[in-house]
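**Q** need a structure here:
(chains A and B)
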Amino acid sequence: MGLVRRKRVIDIGCGDGRMALGCAPYASEVVGVDPDPEAIRLALRKARQLGAPNVKFKVGVAQELPFADEHFDVVILSWTL
Amino acid sequence: MVDALKEAHRILRPRGILVDARPDSRALAYAEHQSAVGMYRRAGVIATSREELANDRTSDRAVATAVGKRWFRSLRAGRFWHRVLFEDRATLQGYLDDHARFVHRVRWTVEVAKRRRWERDPWAIRRAVRYELLERI
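**A** Here you go, the predicted model:
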């Protein structure tokens, strides 16, 4: 987890948010993006249950991410490519 | 896939890290039976479907393209093994039936009698996962 400690992390293709939520206690900010709205709904529900205020989830595709240039320190592509 | 890597490059700060983890179809997966004392033993081999092999090669080419274009450089790559657990053999078979990654039939390496005896025991699919850490240039 040293890789994400105090870092701004994005999990592209986050699914139900398992990986993003796993990073949350260590990272300063975590964003999960997935094209499946149902998976994002599930991820948001899990985040609420866990009380992870530094995690956000958005519906979106890997080819067109709504974030500024050079915003993140770490990009995770887990089972995405 | 190359487009996704290009976008990852855009949103990463210079020297930021991209973690790529995905199934490693260069290694076979195994069906394993769990004994009463918790040990796993190999009972069969599970091949990756032809379509997924082609997809994995496309992913490999996309990463090679991103490195070739000097968007990223490889810091470290490797493989680890991961077990997907099932309560019995029927559940394992159901997983194979539902998932496109693997062929649906296990090539068994233990005889039928043993498989029947182990039918209701816990099973696992042990499969390789490849990872690569890429640094944004």
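
**Q** B:Ala113 - how many residues pack around it?
**A** 8 (other Cβ atoms under 10 Å in any protein chain shown). C-beta coordinates here come from the backbone N, C-alpha and C atoms, glycine included.

**Q** Tell me the confidence at residue 46?
**A** Assuming you mean chain A. Looking at A:Lys46, its pLDDT is 95.

**Q** That was the other one, I meant chain B.
**A** For B:Ile46, pLDDT reads 95.

**Q** again, but for A:Ala52
**A** 89.

**Q** so what's the closest residue to it other than its chain neighbours up against?
**A** Closest residue to A:Ala52 in three dimensions, ignoring its sequence neighbours and counting by Cβ to Cβ, 6 or more residues apart in numbering or on different chains: A:Ala24, at 4.3 Å. By Cβ atoms under 8 Å, 6 or more residues apart in numbering or on different chains, the contact list for A:Ala24 reads A:Val30, A:Ala47, A:Leu50, A:Ala52, A:Asn54, A:Val55.

**Q** ok, so what distance separates A:Ala24 from chain B?
**A** 16 Å (Cβ to the nearest Cβ, to the nearest Å).

**Q** How confident was the prediction at that residue?
**A** So A:Ala24 comes in at 94 (pLDDT).

**Q** One more: B:Ala66?
**A** 96.

**Q** Report the buried residues of stretch B:30-46.
**A** B:Tyr30, B:Ala31, B:Glu32, B:His33, B:Gln34, B:Tyr40, B:Ala43, B:Gly44, B:Ile46 (16 or more other Cβ atoms under 10 Å in any protein chain shown).

**Q** From those, pick the one nearest B:Glu119.
**A** B:His33 (9.9 Å; Cβ to Cβ).

**Q** close enough to count as contact, the closest one and B:Asp121?
**A** Yes. Between B:His33 and B:Asp121 there is a contact at 6.1 Å, judged by Cβ atoms under 8 Å.

**Q** what is the residue sitting nearest the centre point of chain B paired to in the beta sheet?
**A** In chain B, the residue lying closest to the centroid (Cα atoms, centre = their mean) is B:Pro23, at 2.5 Å. With DSSP bridges as the criterion, the beta-bridge partners of B:Pro23 are B:Val129.

**Q** tell me the contacts of it?
**A** A:Trp79, B:Thr48, B:Glu52, B:Asp56, B:Arg101, B:Arg127, B:Ala128, B:Val129, B:Arg130.

**Q** For the third one, grab the count of nearby residues.
**A** For B:Glu52, the count of nearby residues is 17 (other Cβ under 10 Å).

**Q** That one is in contact with B:Ala100, isn't it?
**A** Yes. Applying Cβ under 8 Å, one finds B:Glu52 in contact with B:Ala100, separated by 6.4 Å.

**Q** Sketch out the helices for chain B, chain order is fine.
**A** Here chain B has its helices, by DSSP state H, at B:2-11, B:50-68, B:89-98, B:112-117.

**Q** Give me whichever of those is most buried.
**A** helix B:2-11 (a mean of 20; mean count of other Cβ atoms under 10 Å in any protein chain shown).
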